[in-house]
Every structure is written in structure tokens, then in C-alpha cells.
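Enquirer: the following comprises the amino acid sequence and a computationally predicted model.
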Amino acid sequence: MTTSLRSRTVLLVLAAACLLLSPVVFAADEAAAAADPNLAPIEIELPEPFFGGTPIDYWSPNLEPEDFRDRPPFYAPKGTVNVALNKPVSSSVPPVHGELKQITDGDKHYARPSLVELPDGVQWVQVDLEKEHDIYAVLVWHFHEGKRVYFDIVAQVSNDPEFNDGVTNIYNSDHDNSAGLGVGQDKEFIENNRGRLIDAEGVSGRYVRLYSNGNTADDFNHYVEVEVYGIAKD
Ligand SMILES: [Ca+2]
Ligand SMILES: [Ca+2]
């Protein structure tokens, strides 16, 4: 066996070991969370999936492979609920279709009447939780009628409604800083009825802001629903 062949074999064995071990590590984390009496899985109601449409014709090195499995339970401190329901929403520009209040109305259907559409370019929507919360997860459904990838998704939490001070980025898929909010390390992903769960790691804040910059199907920015799982601070 040549040296290069041997090192390649070692690499292959290592890669296989990593593949085999990662679900075990994941399951161990989940088991530890399940055993913690202070934690419980958050309850997420999913809308019905959309079947049909055309396959997506898009690839980038930053695109996460499509995953058809159910999302594993997400553990958060007991008492964590969707604190965004029916909370006020503002945006960078007025929607061209739908109303902002639909983003927190609990309706997550894929059909167009459930959709809020903002114009092209870098646009944001912002949920006001009306007081400071410890935030464990943010769930976003942009538009799940068919397979779309939204560009430059940046999610932020702050106590400043203008997002000038004390801003924490909890997601950033903008690898080339084209949105001007900094270079992100997070993945692009294909929309589906499960929505995207962003781990907010207990960051505290009153406002949650979500940016995007068009998508693979058209230049517009869409939201069907945003949920924020948290607990109000005293
Ligand atoms: Ca909605
Ligand atoms: Ca970008």
C-alpha cells in the first residue's frame, strides 16, 4: 500500500467514524436534555406540507443538504412558549401583499392569502415582544409553497427598536456580506412546512428582527409566520 493510499484509507475510516459517531453524540445531548427536570421540548404546531411544484434549480457551497426527517425535539426551560403570537410587527418598507399582522397571527399555511410579501432588496421585519424576554428559539416560515431558498437571512435580537445598540446576531447566512450586516457562517436552506428553527441560546431582548434579500424563485421577500419561543423577564 502506498503512503498516499494508506493516508487516504485512514481519512476514509475517520470520516466513516465521524458519520457513525455524530448521531450518537446528538442522541447523548438529547438524552441529557430529556433527563434535566428544568427542560422540556417546546411544542411547535406545523402547517400542512405542500406537495408538488417544480424541483429547485439552485446550488451553492453554502446550501444545506435537504433533510426530510422530522426535527428532533428542541429543549428549553419549562414554561417556554411562543411569545410572538399576535405581537406587533414593523418592517423596513410596507408590504406589497398581505398585512404585517399576519406574520404573528398563528396562520402558517402555504397558500398565498397567508403570505406577506415585501419588495426586492435587503428588507426586514421586526417583532416587538412588548417587554424583554429570555429567547431560546426563533422559528420562521418564509414561504413554503414549493422549494425556495431565501438569501442573506440575518436574525437579530435587541432591546433597541432601531437595532443600533446591543444587537446579538442569532443567524447569518450572508457569506459575502452583500447585505452589509457582516459575514455570516450559517447555511442557506430550502423552505418547508417545518419552518426554520434558529437556536437563540437564551439571549435576552424585546425585539426580534429578520432580514432577507430575495429568493431563488423571485426577487421578493416573504413571511408566512415568525414565532419566538421565550419566557418574559421579571
Ligand atoms: Ca401568519
Ligand atoms: Ca450574500
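Expert: That came in fine, so what should we check first? Residues are numbered from 1 along each chain as shown. Ligands and ions are numbered 1, 2, ... in the order given.

Enquirer: only C-alpha atoms for contact and neighbour calcs from this point on.
Expert: Noted.

Enquirer: quick one: the helices in the chain, in order.
Expert: 3-35 (DSSP state H).

Enquirer: do you know the pLDDT at the residue nearest the centre of the chain?
Expert: In the chain, the residue lying closest to the centroid (CA atoms, centre = their mean) is residue 196, at 3.5 Å. Per-residue confidence (pLDDT) for residue 196: 98.

Enquirer: got the contact list for it?
Expert: Residues near residue 196 by CA atoms under 8 Å, 6 or more residues apart in numbering: 138-141.

Enquirer: give me the neighbour count for residue 86.
Expert: Neighbours of residue 86 under the rule other CA atoms under 10 Å: 16.

Enquirer: contact partners for it?
Expert: 101, 104-106.

Enquirer: top of those by number of neighbours, please.
Expert: Using other CA under 10 Å as the neighbour criterion, residue 104 leads the contacts of residue 86 with 23 neighbours.

Enquirer: and that residue, how close does it get to residue 87?
Expert: From residue 104 across to residue 87, the span is 6 Å (CA to CA, to the nearest Å).

Enquirer: what's the answer for residue 40, then?
Expert: Distance from residue 40 to residue 87, counting by CA to CA: 24 Å.

Enquirer: bridging residues for residue 155?
Expert: On the basis of DSSP bridges, residue 155 is bridged to residue 171, residue 210.

Enquirer: count of neighbours near it?
Expert: Applying other CA under 10 Å, I find that residue 155 has 23 neighbouring residues.

Enquirer: does it touch residue 209 like I think?
Expert: Yes - counting by CA atoms under 8 Å, residue 155 touches residue 209, with 5.7 Å between them.

Enquirer: next one, pLDDT for the nearest residue to residue 229 once chain neighbours are set aside please.
Expert: Of all residues not flanking residue 229 in the chain, residue 82 sits nearest, at 4.4 Å (CA to CA, 6 or more residues apart in numbering). Listed pLDDT for residue 82 reads 98.

Enquirer: gap between residue 82 and ligand 1?
Expert: 13 Å (CA to the ion, to the nearest Å).

Enquirer: does that residue touch residue 227 like I think?
Expert: Yes - using CA under 8 Å, residue 82 is in contact with residue 227, at 5.8 Å.

Enquirer: the two: which is more packed in?
Expert: Neighbour count, other CA under 10 Å: between residue 82 and residue 227, residue 227 has more, with 26 against 21.

Enquirer: got the contact list for the more buried one?
Expert: With CA under 8 Å, 6+ apart, residue 227 has these contacts: 82-85, 104, 138-140.

Enquirer: quick one on the thing from earlier: narrow the contacts of residue 196 to those in strands?
Expert: Taking DSSP state E, the ones among those that sit in strands are 138-141.

Enquirer: mind jotting down where the strands sit in the protein?
Expert: So, for the chain - with DSSP E - the strands run 39-41, 75-77, 81-82, 89-91, 116-118, 123-141, 154-158, 168-172, 196-212, 221-223, 225-232.

Enquirer: partners of the last one in the sheet?
Expert: I take that to be strand 225-232. Partners of strand 225-232 in its sheet, by DSSP bridges: strand 81-82 (antiparallel), strand 123-141 (antiparallel).

Enquirer: flag every residue of this structure that's near ligand 2.
Expert: Within the chain, the positions adjacent to ligand 2 are 152, 174, 176, 178 by CA under 5 Å from the ion.

Enquirer: quick check: the first one vs residue 215, distance?
Expert: Residue 152 is 9 Å from residue 215, where distance means CA to CA.

Enquirer: repeat for the third one
Expert: Residue 176 sits 16 Å away from residue 215 when distances are taken as CA to CA.

Enquirer: so those two - more neighbours on which side?
Expert: The residue with more neighbours, out of residue 176 and residue 215, is residue 215; 17 against 13, by other CA under 10 Å.
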